[in-house]
Every structure is written in structure tokens, then in C-alpha cells.
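Participant: Got a predicted structure here, sequence first:
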Amino acid sequence: MLSAGRRIAGVGLATASGVLVALQSRINGELGVRLADGIAAAVVSFGSGLLILLVLVPATPGGRRGLAALRGALRGGALRPWQCLGGVCGALLVATQGLTIGALGVAVFTVAVVAGQSGSSLLVDRAGLGPTGRQPVTPNRLAGAVLTVLAVLLAVGDRLGDPGALALALLPLAAGVGIAWQQAVNGRVRAAAGSAVTATLVNFTVGTVALLATFAVEVAVRGRPAGGLPGEPWLYLGGPIGIVFIALAAALVRFTGVLLLGLATIAGQIVGAVLMDVVLPTEASHPGVWTLLGAALTLVAVLVAAFGGKAGPPVNASGRGGAPSQQPARSRGTTA
């Protein structure tokens, strides 16, 4: 049974990582505008993160051990190849940042992601896809998810009457659905490798390959991007920020479960989105009193879910709920 202290610490770190997601969204959205191509911006963001990890992981003893453990888990069947594909969902999220934030703003983008992520997190936890095993859909957890959606609707309700915005918001909505699954499988990769950085490398490798394939098709059909690479260094920080976020999520999901991790991240995203739209406003930004009230309600929703039930049981090596075996993680290739 996980201690309440670890869950609370996990919630705090996940909330902080959500603020980073909002910052990354603004950066990648602006990069997409400068390049006049959201897919190209996603390739730059994911690709820069991958280059950093390709240097960092082999250079550290923990990273090398993680790669060896990951190979063993895949060969032994403790980790399935499909569980290494979480980066595809991350690639979709980053691509939608570049494609839609210039028109929607960070806050409206966030409400669409939240709507998909909240419901999907409940299903992913219930199915036991994460390293904590199956998590019951308790009244408090369900209430936390519902309150979160209501909070973000309150925060950006004045924009939801725009049919064009709603149609464009379907992209981040789909990305939000994928985030919960991504967090669950990345948590299993982290458990199998014994290293959050190694799990992050897998995520960025898969995501970059998916984005490069998509970009190649786009160039073949539409031609090269009309824009050019900007000179401001801060526009290339999306990749490093993504490394921090993915590594934290992979490390924290075993303490929080997918739903609670998602809700805490959402709280950070909402707070960060409000700050971005207030401090760095764009034509699509319309922060106001309702936005601030929605952000406050989101934090309440996270507290309801965090303190409204116990964490689920740990999973055994097969990925099912129940007590894990006492063998060392590396020898049995555990995903718990």
C-alpha cells in the first residue's frame, strides 16, 4: 500500500509538471506559427529532445542499465512491444500544440485536452493498464474527473460558442484521450527498465519516428513549410521541457495511478494556461474572472480525487492486480 505522503508528493510534482506542459504548449504553438507548419514545429520539438536523450542516456550508468533491463524485459515477454508506443500519443499532443494554439489560445487548447484526458484516465485505470494495476472507479475519483471537466468549461466557456473553435478543438481532444494511455504504458516501460530517463528515451524515439513519417507525407503532398526557423533560443525549449514532463510522469504514475496523475497534471496545466494567457497574451487569449474561477475549481477537483480513496494494489509481473513476487525486478523483468 502506497503511503499518503508519497501520493501527496506525487500530486505536487505532477501539478508542477502540468505548468511545464502549458509553457511547452505556448512555445510550440508560437514555433508552429513562425514555421507556418504545426507538424514541422512538432518535429523540431521532439527531435531536439531525442538528441539530448541520445547523449544523456548512454552516458549515465543508470541509463545504460535501463537499456539492458529494457532489452531483457522485451525478450522475456514481461514488457510487450505495444507498451513501448506511448510516444505516438506524445507526438500527437505536440503536433496539435503547433497546429491549433495559434488560433485557440492555450486555455481553450487545454480544455479540449482535459475533456479527453479525464474520461480516458478513468478507463485506463479501470482496465489496469498502468503499473499500479486496476484502480476502482470510486465516487470521489469519478467526482474529481467530472469536476475537472466542469472547471475547464467554466474557465473558457466564453469561447466554446465559436463553431470554428470547437471543430479545431477536436485535435487536442483526441490528443487528450491518448495522454492517459501514454502515461500508463510509459509507467510500465519505466518499471521494466528501472529508469525514468530510459523510458523517456523510448517515448521520444517512437514519437520522433512517427512525426518524421507524418512530415514526409505532408511535404510530399503540400510542399515544404512556408516559414523559416526563428532566431530566438527560447522557441527551441519545447523538447527539453517535454523530457522533464515525460520523465516525471513515468516515475510518478506508480505512486498516483493514471487518473490522479492526470488530474494533478491538469491542475498545473490550467494554472499555467491562465498565467500564459495573462502574462503573454495573444489575439486568441481572453482570460477573465471566469477563467480564474475555473482554475480554482480545478484545484478543488484534484484534492477531491487525491484524498477520496486509497491507491490500488500493486501489480505482479504479469501486469495483473495482486501482490508482486519478491524476486528482484531485473531478474523477473517486472512491469510493476
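Facilitator: Structure received.

Participant: Every contact and neighbour count from this point should use C-alpha atoms.
Facilitator: Fine.

Participant: and the strand or helix carrying residue 191, how far out from the chain's middle?
Facilitator: According to DSSP states H and E, residue 191 maps onto helix 170-193. Averaging C-alpha positions (Cα atoms, centre = their mean, to the nearest Å) puts helix 170-193 6 Å from its chain's average.

Participant: Quick check: next helix or strand after it?
Facilitator: Next along from helix 170-193, by DSSP H and E: helix 196-222.

Participant: which is the next helix or strand following that following helix?
Facilitator: Heading C-terminal from helix 196-222 (DSSP H and E), you reach helix 238-279.

Participant: any idea of the angle that next one forms with helix 196-222?
Facilitator: Helix 238-279 and helix 196-222 are oriented at 80 degrees to each other (axes from the mean of the first three to the mean of the last three Cα atoms, to 10 degrees).

Participant: chain center to helix 238-279, what's the gap?
Facilitator: 7 Å.

Participant: That one: what's the following helix or strand?
Facilitator: helix 289-306.

Participant: Tell me the spacing between residue 226 and residue 84.
Facilitator: Using Cα to Cα, to the nearest Å, residue 226 is found at 34 Å from residue 84.

Participant: Compare neighbour counts for these two and give me the winner.
Facilitator: Neighbour count, other Cα atoms under 10 Å: between residue 226 and residue 84, residue 84 has more, with 21 against 9.

Participant: Local confidence estimate at the more buried one?
Facilitator: The model reports residue 84 with a pLDDT of 92.

Participant: if I pick it, what's in contact with it?
Facilitator: By Cα atoms under 8 Å, 6 or more residues apart in numbering, the contact set of residue 84 is 185, 186, 189, 202, 203, 206.

Participant: who wins for neighbours among those residues?
Facilitator: Neighbour count (other Cα under 10 Å) singles out residue 189 as the most crowded of those, with 35 neighbours.

Participant: three-state assignment of residue 136?
Facilitator: What DSSP: H, G, I helix; E, B strand; the rest coil gives for residue 136 is coil.

Participant: need the contacts of residue 84 in TSV with distance to residue 243 and pLDDT, can you?
Facilitator: Listed next are the contacts of residue 84 as TSV, based on distance: Cα to Cα, whole Å; pLDDT from 0 to 100:
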residue	distance to residue 243	pLDDT
185	16	88
186	13	87
189	15	92
202	11	95
203	9	93
206	14	95
